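Visitor: quick one: sequence and predicted model below, then my questions.
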Amino acid sequence: MRHVALLLAAICLLAPLAGALPATGAVDHHGNGQPAVSTPFEDTRTTFTVSLRENGDARWTVAVAYRLEDDRSRDAFDAYADAYETEGSTTGPTVDMFRNAASAASDATGRDMTVRNVNRTAGFENETTGVLRLRFTWTNFLRSESEGVLVLDDVFRAAPEETWFRTLEPSQRLVIEPPPGYDATSVAVPRNRIVSQNIIVDQPATFASGDISVTYERSELWWEDSQVLVGSAGLLVLLVAAAYLVSRRRTDGADAAVTSLPPAGSSGAGVTRAGVDGEAGDEETETETGPSTVGSVGPADPEPNLDLLSDEERVERLLERNGGRMRQADIVSETGWSDAKVSQLLSAMAEDGDVEKLRLGRENLISLPDDDGTDGGDGGSGGDGDGDGDGSGSGRRFGL
């Protein structure tokens with residue numbers, strides 16, 4: 001029975017991608033329907049996330065989620081996930097179909113395109129959901145129309161009047177994230193909605209050649225915003241400096257007043273100045289009522305406003321505060337971001353060399369790169385970065 005369950009699971013894992021991409025070529029001229037199959041995995045959902053970059057590349061994440069009803073289905077998924085990560089399985093989201101699409105799009109557009117930095121991971125998102133994830137970088141995905149203007153359109157063509165991305169099924173979702181620092185000024189995508197600058201299509205749709213077209217322009221507000229920030233920062237520095245000087249003057253005046261008081265036992269009030277460590281002298285003394293300014297210091301430098309930091313800077317700041325390394329789950333907890341966002345952000349940072357990722361059992365250890373600049377890549381066991389190799393690993397964990 002276990003072998004039968006695994007076989008049914010393997011058949012099921014192909015189904016979510018059949019509607020969007022052909023399995024053996026860049027273009028399927030004969031339809032792409034597939035009959036339903038009874039399997040131990042239910043309610044599959046596939047999300048295509050396309051994170052665009054300023055250099056024209058796109059980082060794809062294809063996540064296929066499965067509902068796991070009982071221990072039997074979880075055991076079946078766990079065994080299949082091991083095979084998927086080590087490429088022992090030919091089903092599930094596979095990069096071959098995207099390589100075929102990139103080849104067809106390259107011929108149609110005249111731009112040299114490649115699919116690289118492939119990474120396959122699998123794990124339990126929670127106790128009732130298992131997820132397979134395929135990540136890769138598609139080069140020259142965007143075309144540059146002019147300085148500061150990037151266009152997403154012709155990459156979906158497989159021929160002058162055909163497209164390789166033909167349909168979006170009810171169980172599928174497309175998310176297009178803009179390049180950092182760019183705004184979408186023109187959007188022509190069927191049945192789309194925009195959430196936090198992301199273009200989302202989560203309803204069934206049929207695409208013809210040219211249906212997906214988005215123009216991005218570099219935001220010009222950053223300079224105005226930076227001027228406001230610089231002015232605000234300057235004002236804040238002046239206020240802090242003024243507060244420090246006022247506090248310092250009060251402290252100096254209090255010190256002078258204390259040292260001029262007569263010693264205990266004389267005709268004056270018996271007040272003894274506390275030492276540096278706040279300890280009183282050997283003899284009993286009386287202390288004045290009211291606030292004491294002895295030993296006070298100026299205000300500490302203010303923490304920067306986290307809203308003004310990029311996501312990458314927030315992650316780097318967290319790592320610096322924690323000795324240069326943290327568990328990925330702790331980063332999710334500290335930032336309050338979703339598991340998917342943190343995983344995708346860390347993968348991109350790892351690809352750029354900003355962080356290093358190490359798989360330890362059921363979790364990822366994130367660390368700042370060593371001074372010598374060595375890079376572990378994705379070829380290692382269980383890697384979740386963007387190296388040229390296909391990362392693999394057998395440890396299952398929640399929130400992968």
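Guide: Okay, I see it.
Visitor: low-confidence ranges in this structure?
Guide: 1-43, 88-91, 221-231, 250-307, 371-400 (pLDDT under 70).
Visitor: please enumerate the helices of it.
Guide: 2-12, 15-18, 71-85, 96-109, 221-259, 311-321, 328-335, 339-351 (DSSP state H).
Visitor: tell me the phi and psi of residue 310?
Guide: Main-chain torsions, residue 310, degrees, to the nearest 10: phi -70, psi 160.
Visitor: could I get the contacting residues of it?
Guide: residue 180 (Cβ atoms under 8 Å, 6 or more residues apart in numbering). Quick note: C-beta positions are derived from backbone N, CA and C, even for glycine.
Visitor: one more time with 10 Å
Guide: Contacts for residue 310 were tallied using Cβ atoms under 10 Å, 6 or more residues apart in numbering; they are 180-181, 316, 345.
Visitor: do residue 115 as well
Guide: 60, 95-96, 98-103, 136-139.
Visitor: swap in 8 Å and give it another go.
Guide: Contacts of residue 115 by Cβ under 8 Å, 6+ apart are 95, 98-99, 102, 136-139.
Visitor: just the buried residues from the residues you listed, in PyMOL please.
Guide: In PyMOL, this line selects whichever of the contacts of residue 115 come out buried by 16 or more other Cβ atoms under 10 Å:
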select buried, resi 95+98+99+102+136+137+138+139
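Visitor: a markdown table for the contacts of residue 115, including distance to residue 324?
Guide: Shown next, in a markdown table, are the contacts of residue 115 (distance: Cβ to Cβ, whole Å):
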| residue | distance to residue 324 |
| --- | --- |
| 95 | 33 |
| 98 | 35 |
| 99 | 37 |
| 102 | 37 |
| 136 | 29 |
| 137 | 27 |
| 138 | 32 |
| 139 | 32 |
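Visitor: between the contacts of residue 115, which is closest to residue 247?
Guide: residue 137 (53.4 Å; Cβ to Cβ).
Visitor: from residue 114, how far out is that closest one?
Guide: 8 Å (Cβ to Cβ, to the nearest Å).
Visitor: so which of the contacts of residue 310 wins on neighbours?
Guide: residue 345 (21 neighbours; other Cβ atoms under 10 Å).
Visitor: so the closest residue to residue 216 other than its chain neighbours bridges to which residues?
Guide: In this structure, residue 216 finds its nearest non-sequential neighbour in residue 182, 4.1 Å apart by Cβ to Cβ, 6 or more residues apart in numbering. Beta-bridge partners recorded for residue 182 (DSSP bridges): residue 218.
Visitor: many thanks, I have nothing further to ask.
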